[in-house]
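J.: build me a structure from this.
(3 chains)
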Amino acid sequence: MNSKVLSKPFFERGAKIVAKELIGRRLVSRCGGHRAAGIIVEAEAYLPVNDPACHGARGKTKSNAVMFGPAGFAYVYSIHAGHCFNIVTGNVGEPEAVLIRAVEPQLGIKTLKRRRQNDNHRLLTTGPSRLCQAFGVNREQDGIDLTVRRKIWLEDVDYDGEIPVMVSPRIGVTSGESLKLRFVWKNNPYVSGPKKWRT
DNA sequence: CCACGGATGCGCT
DNA sequence: GCGCATCCGTGGA
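T.: Model (predicted):
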């Protein structure tokens, strides 16, 4: 067991730097009694100030309350016909988070395929809603602690060289489009979005 | 109670 | 690349 769980101090920083540094780390899920893991290849930052796309921008509500709490907790919300998985960052009282948009499947492929009812490897965890479905994440995980090995957690991963990270505008946001807050593992096949924002 | 829209996904062209 | 199915939280009546 040489894998290190990412702890509070890692997340108690700005969403932008956390999003960038999460590229290449490992996401592990034990939700639903089955183990699944993947390498994060795409993440977006949502900022506490000057970011109209952030859910916390128009104040605290029952469903986004976790965003205003301490870092290192899960903020899960439903959208369209699925869910999105976020990690709260920064200070208490300031709504900021990192949205995990895609991972490269690593462990529990059979589980991922069954939950997704799809054999296409690229469609298992590419996109925030697909990722949640594959990893068994739903609103029941809203507010859980991500810094302990319980339901979901994140682990450090060792690499020989630098990870090639590319920056782009965020996907699907209708406000704050000019902000370059999306980070991807350059040329990784499991990154979502238009090709010009993957390479 | 009901209308509305969104950090989406799928199927079809 | 594009249209539309789908669904739940939110806010106004």
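J.: nearest to DNA strand C within chain A, name that residue for me.
T.: Taking C-beta to the nearest atom of the strand, DNA strand C has its nearest neighbour within chain A at A:Ser63, 2.8 Å off. C-betas here are computed from N, CA, C, even on glycine.
J.: and the gap between that residue and A:Val18?
T.: Separation of A:Ser63 from A:Val18 (C-beta to C-beta, to the nearest Å) stands at 22 Å.
J.: same deal with A:Asp156?
T.: 13 Å.
J.: compare these two (neighbour count), which wins?
T.: Each of A:Asp156 and A:Val18 has its neighbours counted (other C-beta atoms under 10 Å); A:Val18 has more, 24 against 14.
J.: assign that one to helix, strand or coil.
T.: Following DSSP: H, G, I helix; E, B strand; the rest coil, A:Val18 is assigned to helix.
J.: I'd say it and A:Val98 touch.
T.: Yes. In this structure, A:Val18 is within contact of A:Val98 by C-beta atoms under 8 Å, at 5.3 Å.
J.: what do those two both touch?
T.: A:Ala45, A:Ile87, A:Thr89 (C-beta atoms under 8 Å, 6 or more residues apart in numbering).
J.: scan the residues you listed and report the most crowded one.
T.: For those, the largest number of neighbours (other C-beta under 10 Å) sits with A:Thr89, at 31 neighbours.
J.: what's the local residue count around A:Asn91?
T.: Residues lying near A:Asn91 (other C-beta under 10 Å) number 13.
J.: ok, it - contacts?
T.: Applying C-beta under 8 Å, 6+ apart to A:Asn91 gives the contacts A:Glu12, A:Ala71.
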